[in-house]
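In: Mind looking at a prediction? Sequence and model below.
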Amino acid sequence: MSARREDLGGAATLWGVGQWVDDRGERVAWEVGSDEINRAIGSAPARLAMLGVERGERVLFTSMLSEAAHFWPLVVGCMLAGAQLSCADATRGEALRVQMFIRLLSYRAAIGITGAVLDGFDDLGADYAAVFGEIPVIVARPDAYDRLVGAGLTPHAMALVGPALAIASEPGGPLWVDEHEWQLDAGTDGVVLVTNLRPTATRFERTRTALRGEVIDGHGIRFEPTTQSDGMNRDESPVHDAD
Amino acid sequence: MTGIPPRTAPYWDLEYETMPRDQLRELQFELLQEAIAFSYEHAPLTRETWDDAGIRPSDIRTWDDFTEKAPFIDKDALRHFRDDRGDPFGGVLCRDPAELTAINSTSGTTGDPTLVAEMWGGGFVGRPAIMYRDFWGMGVRPGDAVALFLFTFRGPTYGFVQQLGAVPLLFDYGVDEIERLLRSSLAYRPTALYNFGGTMINATAEIADRAGIDPRDAFASYHGIVFAGEPLGSRARRLADEWGLPLFEHSNVGDVTACFECTAHDGMHFWEDMAHVEGIDPVAGSHHDAQPVTGDRVRCELVATALTNRVAPLIRFRSDDLVEIDRSTCACGRTHARIWTIGRKGDELVVQGASVLPVDLWAAVEAIDACRLGLFQIVRPAREVDVLRLRVGYQDTPADRVEALRSDVAGAVFAAIGVEPVVELVPNEALLRLGPPHKIPRVTRS
């Protein structure tokens, strides 16, 4: 069943309209309520603590604006935890910016590293282990995970499971979504299905996502290494117009 | 002001946006003295620069004192401080780094990105101004949808939309998001779009056609579509006119603040209760010999001072940007000055005594159909040269027509600036490989 809009009934306010990626790799408009974002923010510090992010630490996020509904809770979670953050797009062209941040500042975690960012490091002739070697926690998307492991690093895995964000609590371990918010099921063809457990502006009911893998205990996943969870073509870097 | 104004209010902040200039100048001077004292006390680069100049904040008692005595800083000074002292903030940070919420960065279009220190929910004195006043003025109201077509490196920009009581629609800055933008525009009827420049407008024609969407329908709900970074070419202008796009230009103001066009479309306002902006003679060596340029619409170099930033304020920051400034009251009723960006001083080429900037060539190059994407570079081995050398991108031209095309381009450029160029023609794809997609360095050493 595909996602459909809940009747907001005037009670909930929209935080924004982002996107999630379906099993065909298509981006689908995602109306996100303020209440559900606030719940995700509430649980974010604990998720970050799992990665060792605490007061005084610093986190580098690589993500896209269209993914803001997935990442904003973690960003605010950093603030709530007393940690600092930096932001870069998750594109090939942003590898230079990521490299600059890591050269100038120390980070506890780099969250959201994509294959496109790694492509950018390839363009720069930068060795992944040299770039990320001093960062204790690397959190990699499916298309970057194996490449980082191949470089001798020990990343945590993360993936966007439709509207849900799944992060591994340990390198090599399965990824977990917020069990209070999301139920995961395996489709007969290996596609991961997602259902919201609490009220959301957009209802998800066994909705097919772009992620394929094994579902564990209804809220964990081991993804297939070649899976694409975000449907993004990141060959292009953004145009930096405003500055 | 407190809270969101009535929907019918033409200004977000009537009192401040229309403040008489003599009052605005008084307010600015109060803020200026506070900003200088704060920066001198906390920012090592400011303190050293002022100490080297033999001046202290208490010496600034009048505007003339500031103009005559306050030393400039520039991007090189920040970079040298950063590299020599190991200070990633270039000596301008006024806070304990542990107090910061975020450390983001400038675009890096004109060199290394530089760090931007941020304290969310604090760090500024004064009233909400940038974006709030601008988007309200364009017609954004509570309950509207606002499409953001942006990158993330400056942090979560959607906050201002939510503070306006509107709902952000979130898109990545890229051609592959245009179809989704068009479809979402039909579904949500947004009233503003930020940021959608010439490359995206040009790309929209083909994408909309393929998707079976009439851009006039998709963009019909917009009161404001903001573009920035590069001039809008003639093709994009023509498409925008055809589709009825309500365009508003936007730019950076010396890394200190930002400026936006208003509904009068006669220059871009910057908010003078947030920044003090001066124009100086671009050839000035230092503050000692810098001649103020105070006439309206006279080309000058922009020098900016942050008045309300209490995190990492730049004091008398010499920007390298060539601009024109007009301080007369705008037709929109606002009293804050307006700016027109011309180019970067470091991009200026002097050919046999004549000044040439990329903006001077844009329309001439784009007017040639095979060069309609406006991809060109000025080859600038030195500031002063005898010959203007251009590298110009082209398309759709058979080999036996290339020589004639070269002649056409040279003729168009000569007609525009009175200088005969030497033109190297290269396929568009070759130029696009030199920079990030859709944007190339406009000036190159070789």
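Out: That came through, no problem.

In: What parts of the stretch 251-400 of chain B come near chain A?
Out: Residues of the stretch 251-400 of chain B lying close to chain A by Cβ under 8 Å from any Cβ of the partner chain are B:251, B:252, B:258. Any C-beta I mention is one placed from the backbone N, CA and C, and that applies to glycine too.

In: Tell me how many other residues surround residue B:418.
Out: Residue B:418 has 10 neighbouring residues, counting by other Cβ atoms under 10 Å in any protein chain shown.

In: mind listing what the closest residue to it other than its chain neighbours touches?
Out: With sequence-adjacent residues excluded and distances taken as Cβ to Cβ, 6 or more residues apart in numbering or on different chains, residue B:418 is closest to residue B:354, at 6.9 Å. When the contact criterion is Cβ atoms under 8 Å, 6 or more residues apart in numbering or on different chains, the partners of residue B:354 are B:417, B:418, B:419.

In: Equivalent analysis for residue B:291, please.
Out: Residue B:291 neighbours (Cβ under 8 Å, 6+ apart): B:280, B:281, B:284.

In: near chain A, which residues of the stretch 1-150 of chain B?
Out: Taking Cβ under 8 Å from any Cβ as the measure of proximity, the stretch 1-150 of chain B contacts chain A at B:82, B:88, B:98, B:100-109, B:112-113, B:115, B:120, B:145, B:148, B:150.

In: which stretches of the stretch 151-300 of chain B form helices?
Out: With DSSP state H, counting those that start in this stretch as the definition, the stretch 151-300 of chain B shows helices at residue ranges B:158-163, B:178-188, B:198-211, B:215-218, B:234-243.

In: Of all these, which one comes closest to residue B:428?
Out: Evaluated over the helices of the stretch 151-300 of chain B, closeness to residue B:428 peaks at helix B:198-211, with 11.9 Å, by Cβ to Cβ.

In: name the helices or strands packed onto the closest one?
Out: helix B:178-188, helix B:215-218, helix B:234-243 (3 or more Cβ pairs under 8 Å, 6 or more residues apart in numbering or on different chains; DSSP states H and E).

In: Can you give me the buried ones in the longest helix along chain B?
Out: Longest helix of chain B, by residue count under DSSP state H: helix B:21-42. Buried residues in helix B:21-42, counted by 16 or more other Cβ atoms under 10 Å in any protein chain shown: B:24-25, B:27-29, B:31-33, B:35-36, B:38-40, B:42.

In: Roughly how far does residue B:371 sit from residue B:410?
Out: 12 Å (Cβ to Cβ, to the nearest Å).

In: Name the residue in those two with the higher neighbour count.
Out: Higher neighbour count among residue B:371 and residue B:410: residue B:371, with 24 against 19, using other Cβ under 10 Å.

In: Now do the same for that one: its pLDDT.
Out: For residue B:371, the pLDDT comes out at 91.

In: show me the contacts for it.
Out: Residue B:371 touches B:365, B:392, B:393, B:394, B:395, B:405, B:409, counting by Cβ under 8 Å, 6+ apart.

In: May I see the buried residues of stretch A:111-123?
Out: Neighbour-count burial for stretch A:111-123 [16+ other Cβ under 10 Å]: A:111, A:112, A:113, A:114, A:115, A:116, A:117, A:118, A:119, A:120, A:121.

In: ok, back up a step: what's the closest of the contacts of residue B:371 to residue A:193?
Out: Checking the contacts of residue B:371 one by one against residue A:193 (Cβ to Cβ), the nearest turns out to be residue B:395, at 46.5 Å.

In: most remote residue from chain B's center?
Out: residue B:400 (40.9 Å; Cα atoms, centre = their mean).

In: And it, what's its pLDDT?
Out: pLDDT, residue B:400: 95.

In: my read is it is in a helix, agree?
Out: Yes. Per DSSP: H, G, I helix; E, B strand; the rest coil, residue B:400 lies within a helix segment.

In: Got a quick PyMOL command for the buried subset of the contacts of residue B:371?
Out: To isolate the buried ones among these in PyMOL, judged by 16+ other Cβ under 10 Å, type:
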select buried, chain B and resi 365+392+393+394+405+409
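
In: can you redo the contacts of residue B:371 as TSV with pLDDT and secondary structure?
Out: Formatted as TSV, the contacts of residue B:371 follow (pLDDT from 0 to 100; DSSP: H, G, I helix; E, B strand; the rest coil):
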residue	pLDDT	secondary structure
B:365	93	helix
B:392	96	strand
B:393	94	strand
B:394	94	strand
B:395	90	coil
B:405	97	helix
B:409	97	helix
